[in-house]
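Visitor: need a structure here:
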Amino acid sequence: MKKQLLGAVGAVWFVGVWLLSTPVAGQVPAKPVAAQERPGAASSYVPPRTPDGQPNLSGMWLPGSGAIMETPSGEPWKPPPGYNGGNNAAYTFFPPAAASTRPAAGPRERRPMIFDPPDGKIPLQGWAAAKRTEIVANQEKVDLLDPRVRCLQSGVPRANLPVFYNSYQFLQKPGYVVLLYEWNHMSRIIPLDGRPHLPQSIRLANGDSRGRWEGNTLIVDVTNFNDDTWVVGHGAPPEGAPASAISTGHGIIHSDALHVVERFTLVAADTIRYEATIDDPKVFTRPWSFAFDAFKRAPGDHILYEYACHEGNGKNILHLTGVDIEK
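Guide: A predicted model of the protein is given here:
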């Protein structure tokens, strides 16, 4: 899925030219993590600085630690209806060999990414919880496909959650932070000059980002979303599930009222801690937050490759034929 390096070089060259331009205006319930126990909130690490004084996040990064998104239910994991192995049931008619029996890799942090609310659960409104159940149970339906299977943008905060075939590059110049994602050519230009958000009439898959520094933490306020993406959709599978199981963040939709506040903190020379607070009064009963060590420093010779997306055409028979082959 990764090829044509020249395309990747061209994309980076384009952003580089822009940067040089002049700026314009489980089973045993995990112990819940109380909101006041905000993970990673404090760090004694003193990061290096850019020439203009920003904490220096620049460079190449790889996905960091994996953890469950929500607190385990306390019941043994069982596959959802129609589950056949594979990260997404849209992939399951031709799963990788032995995908449905491959065990989860090693012991994993049982504390969920979610630290607020204290029970570690996504606070979905009733209709949104029902929609999530429908999505998980009917993954072969074209209108319920994971947006990323259809090669749409990942959205925010989902783009920062761990996923295969992804790397990240942070670029910095006075007044800006630029974040490039290998996955599906996503990029974000984050102004730091205090400019207002775009007019509400402009709606974007990845939202409109505005950043500022508070100490060593980059805080990014993201608004102006459309509803084409999922809020999350990754995170390690539930404890006891196959490594290829649908993750606990699967099928969490949002509306155009989504508002996300992100925090990027360099907590060690090789680690960026990521935190996101999600608010969408049309979908959730209250704002909620998660945090984890999202980015690990990549080797010095690491580069971003061009990412090719095939829209699931090779594996989703319903997508190809429009026929429910199970009936």
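Visitor: Can you give me the pLDDT of the nearest residue to N216 once chain neighbours are set aside?
Guide: Spatial nearest neighbour of N216, excluding adjacent residues (CB to CB, 6 or more residues apart in numbering): P55 at 4.8 Å. From N, CA and C alone the C-beta is placed, and that goes for glycine too. For P55, the model assigns a pLDDT of 97.
Visitor: now swap in P79 and tell me
Guide: 55.
Visitor: ditto for E75
Guide: 55.
Visitor: For the residue nearest to H259 when sequence neighbours are not counted, list the residues it contacts.
Guide: Spatial nearest neighbour of H259, chain neighbours left out: D279 (4.6 Å); criterion: CB to CB, 6+ apart. Shown in contact with D279 (CB atoms under 8 Å, 6 or more residues apart in numbering): 258-260, 287.
Visitor: now Q172
Guide: Applying CB under 8 Å, 6+ apart, the residues contacting Q172 are 50, 54, 56-58, 178.
Visitor: Please list the members of these that lie in helices.
Guide: With helices identified by DSSP state H, none of the entries of the contacts of Q172 belong to them.
Visitor: want to throw those into TSV with neighbour count and distance to L266?
Guide: Supplementary listing: those in TSV, determined by neighbours: other CB atoms under 10 Å; distance: CB to CB, whole Å:
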residue	neighbour count	distance to L266
T50	15	12
Q54	21	11
N56	14	8
L57	22	6
S58	16	10
V178	18	16
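Visitor: Distance to E214 added to those residues, as a markdown table?
Guide: Shown next, in a markdown table, are these (distance: CB to CB, whole Å):
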| residue | distance to E214 |
| --- | --- |
| T50 | 16 |
| Q54 | 12 |
| N56 | 16 |
| L57 | 14 |
| S58 | 19 |
| V178 | 20 |
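Visitor: Show me the two of the residues you listed that sit farthest apart.
Guide: Spatial extent of the contacts of Q172 (CB to CB) is set by the pair N56 and V178 at 13.7 Å.
Visitor: average pLDDT for stretch 217-237?
Guide: Per-residue scores along stretch 217-237 average to 87.
Visitor: where do the strands sit along the stretch 51-200 of the chain?
Guide: For the stretch 51-200 of the chain, the strands defined by DSSP state E, counting those that start in this stretch cover 59-63, 114-116, 168-173, 176-181, 187-191.
Visitor: Just say which of those strands is most tucked in.
Guide: Mean neighbour count (mean count of other CB atoms under 10 Å) peaks for strand 114-116 among these, with a mean of 24.
Visitor: Name every strand pairing with it and say which way it goes.
Guide: Strand 114-116 pairs in its sheet with strand 288-297 (antiparallel), by DSSP bridges.
Visitor: got the contact list for the strand it pairs with?
Guide: For strand 288-297, the surrounding residues in contact (CB under 8 Å, 6+ apart) are 35, 38-40, 59-65, 67, 69, 112-117, 122-123, 160-162, 168, 232, 263, 267, 269-278.
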